Each structure stands twice: as C-alpha cells, then as structure tokens.
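Colleague: Sequence first, predicted model second:
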Amino acid sequence: MAELSLPILDLSQLDEGPEAAARFRDDLRAATHDVGFFYLTGTGISPELEARLHRAALDFFALPEADKLAIENVNSPHFRGYTRIGGERTQGQVDWREQIDIGPEREPVEGGPAFNRLVGPNLWPAAQPELQEVVAEWHATLSDVAQRLLREWAQTLGADETYFDDHFGEPSTLIKIVRYPGTHEPEPQQGVGAHKDSGVLTLLWVEPGKGGLQVERDGTWVDAPPVPGAFVVNIGELLEYATGGYLKATNHRVVSPKAPNDRISIPFFFNPALDQRLPLIDLPPELAAEAKGVTKDPNNPIHALYGENALKSRLRAHPDVAAIHHADLVGATA
C-alpha cells in the first residue's frame, strides 16, 4: 500500500481452502467499508480475451465518424449506442470522452414505471460485426466474476450466501466502451466528473499503462493507476443502501490524458433488475455499530428501487436523449 492508493485482493484465494477464503472475505469487507474501491487480481480472465476486447475498442473508435454517428444514442430512447465527445454530462459539466453503451438485448416495454424506458435493444455498428461477439463473451465472463464476488460479500456481511441471487432477479448490466482523447490544456481536464455509481458493483478494465482514474479518500483525490492483470472494483449506491451505510459508495473521476495520448476504459456495471428493491441486510451487531446510515444528499437522493436510481443517472448524464425521447420526465426525476 506504500505506492498504491487502493487495496489489492486476489480472487483465486477462494480456491485455496477455507482459511484463505475467510481471509479474502475479511479483506473484501474491510476494503469496501474503508475505501469502497480495490484492485482485483486472480479472476482467471484470459489475456487473449482482454486483448480481443481492447482491439475491438480501438477499431470502433477508429471507424469513420459517419459509421459511429449512425448508431448515436440520440436515436435510442433506451440510452444505447454511441455518445460523441462532449455528449455526456456529470454534475452538469461536459465529460470529455466518447463511448458506446451496451445493455441487455431486450424488446422495448410499453407502459408501466418510467424506468421501463431503459429496456430495449442495443445499437451495433454495421461496419464492425465482430464487436457484438466479443462483447457477449466479455459480458458472460464478467457476470460470473460479479456473481462470485456478491456471494462472498453476502457472507462477510452476515447474510446468506444467496442473498443477492435471491433478490437480484435478471441482472441489469451495462458495458461502456470509453475513449478519453488527450487534451492540450495546461491544467487537468474533466474526462468524467466526480460521481458515484448508481447500482451495486462495477468491474473496470483499463488500458495497461494509462492512468487518469482518481478516487476520493478522506476528502483528497488520490490516483488509482492500472495494475497489470487487475480490475478496479467499486461498489455503488445500492450496496450502500442495502448495508445502511456500512459500505459506502465512493466518489471517483477521470482526468483527461495529455495529448497526443488517449485512454481506453471499459467499465462493466452489474446491478439488479430494474424492478428490484434490495432488502436491508441484517448486519451482525459489531458491523451494525459501524453503519453510519445512507448518505443524505438532496442533489443526489439514493433510491431503494434500482430502476429509479438508474433512470435518475441516465436522464442527468444524457440531457439530449432525455429531451428528445423523455421530455415528460425532464425535471421530474431528481
């Protein structure tokens, strides 16, 4: 920990016997109670799959502008597809990045709660058919890692191992393939502004050797550079809610790289079904004594129902999509 700002956990400890597994769970609880972020090694994900996904990301962003704009997210009421540079907002400020958002491939849902508008098909680039295949493999692989982590979290928090399985429903996932272009500005620029994730769990793959991620610790921004072979893992607002604040969602941001460099980043968000509400975990007394309650921020209320939390984030991040497709919701969702 002398040089790195985040703890490092090794998932392969779970396969090394009961004592090693118990140490992993203790470290997992401590990391997410104290920091909310950690590096995760030992996932078993092949370097070959990582390389294929990285290549697909580079190929996508190298497509002609017309091919990318053909799947621009302003054409999707479900907030899917390509976001051009400067097309996203965090806390009202422009994020200097471009990206493609990919969620579960589903038919649109008519009527019902407003968050049903998030359900629908993805937009895929016709010029790059291989992207869909590698993303599907990445999704399946990381879903297995996420589910394994959640079962260990449940146990270390005093719940049944199946707590999250029992209350998740069909997971709502989101993969963002992001490129942060370099800037020539002398001062650090906002790649993505300070925020907390709206769901339960995020697994972040970062292009090797490319820094920029910063995590807030004790009121100070600290760098979280990539670690070879590791994912950066953080918890979201719903896990803070489910633990009464024992675990805390943590502010984080990305500082743009200096030109001519750029940076590829691929977060994977693993969350409950939109209509699911995680019941509060009955923490053991020694943990409950350290639960300080859910963060109270009038500008960012944490909703217990995941769909409400997800819709809140989407409407804020993509005001152009909201204005085109969801004008009736603009201003109505905090």
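Modeller: That came through, no problem. Numbering: from 1, shown residues only.
Colleague: hey, where'd the helices end up in the stretch 101-250 of the chain?
Modeller: 130-156, 163-168, 237-242 (DSSP state H, counting those that start in this stretch).
Colleague: Tell me if I'm right that residue 323 and residue 330 touch.
Modeller: Yes - the criterion here is Cβ atoms under 8 Å, and residue 323 meets it with residue 330 at 6.2 Å. Every C-beta, even on glycine, is put in place using the N, C-alpha and C of the backbone.
Colleague: burial measure for residue 140, as a count.
Modeller: 9 (other Cβ atoms under 10 Å).
Colleague: Likewise for residue 25?
Modeller: For residue 25, the neighbour count with other Cβ under 10 Å is 19.
Colleague: Make a markdown table out of the helices of the stretch 101-250 of the chain and add distance to residue 265.
Modeller: Formatted as a markdown table, the helices of the stretch 101-250 of the chain follow (distance: least, Cβ to Cβ, whole Å):
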| stretch | distance to residue 265 |
| --- | --- |
| helix 130-156 | 14 |
| helix 163-168 | 25 |
| helix 237-242 | 20 |
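Colleague: how about JSON lines for these, with mean pLDDT added?
Modeller: As requested, the helices of the stretch 101-250 of the chain are exported to JSON lines (pLDDT from 0 to 100):
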{"stretch": "helix 130-156", "mean pLDDT": "97"}
{"stretch": "helix 163-168", "mean pLDDT": "93"}
{"stretch": "helix 237-242", "mean pLDDT": "91"}
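Colleague: Mind checking those helices for the one nearest to residue 214?
Modeller: In terms of Cβ to Cβ, the element of those nearest to residue 214 is helix 237-242, at 19.0 Å.
Colleague: Given the helix or strand just after that closest one, what are its sheet partners and their directions?
Modeller: As assigned by DSSP states H and E, the chain's next helix or strand after helix 237-242 is strand 252-255. If you go by DSSP bridges, strand 252-255 pairs up with strand 190-195 (antiparallel), strand 213-217 (antiparallel).
Colleague: For residue 280, find the nearest of those strands.
Modeller: strand 190-195 (24.1 Å).
Colleague: list the buried ones in that closest one?
Modeller: Applying a neighbour-count criterion of 16 or more other Cβ atoms under 10 Å, one finds 190-193, 195 buried in strand 190-195.
Colleague: In CSV: these, plus distance to residue 104 and pLDDT.
Modeller: Output for the buried residues of strand 190-195, formatted as CSV (distance: Cβ to Cβ, whole Å; pLDDT from 0 to 100):
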residue, distance to residue 104, pLDDT
190, 29, 92
191, 26, 93
192, 23, 94
193, 27, 93
195, 22, 92
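Colleague: Quick check: the two most widely separated of the residues you listed?
Modeller: So for the buried residues of strand 190-195, where distance means Cβ to Cβ, the most widely separated pair is 191 and 195, at 11.8 Å.
Colleague: Now for the two: what residues contact both?
Modeller: Common contacts of residue 191 and residue 195 (Cβ atoms under 8 Å, 6 or more residues apart in numbering): residue 253.
Colleague: about what we covered before: would you reformat the strands paired with strand 252-255 as TSV and include distance to residue 223?
Modeller: As requested, the strands paired with strand 252-255 are exported to TSV (distance: least, Cβ to Cβ, whole Å):
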stretch	distance to residue 223
strand 190-195	13
strand 213-217	6
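Colleague: quick one, which of these is nearest to residue 146?
Modeller: Across the strands paired with strand 252-255, closest to residue 146 is strand 213-217 (Cβ to Cβ), at 19.2 Å.
Colleague: ok now that closest one, how far from the chain's centre?
Modeller: 15 Å (Cα atoms, centre = their mean, to the nearest Å).
Colleague: and if you look at stretch 269-289?
Modeller: Stretch 269-289 has its average C-alpha position 17 Å from the chain's average C-alpha position, going by Cα atoms, centre = their mean.
Colleague: got it, and stretch 219-232?
Modeller: Per Cα atoms, centre = their mean, the displacement of stretch 219-232 from the mean C-alpha position of its chain is 15 Å.
Colleague: quick one: contacts of it?
Modeller: Residues contacting stretch 219-232 (Cβ under 8 Å, 6+ apart): 4-6, 8, 37-41, 43, 47, 145, 203-211, 213-216, 252-253.
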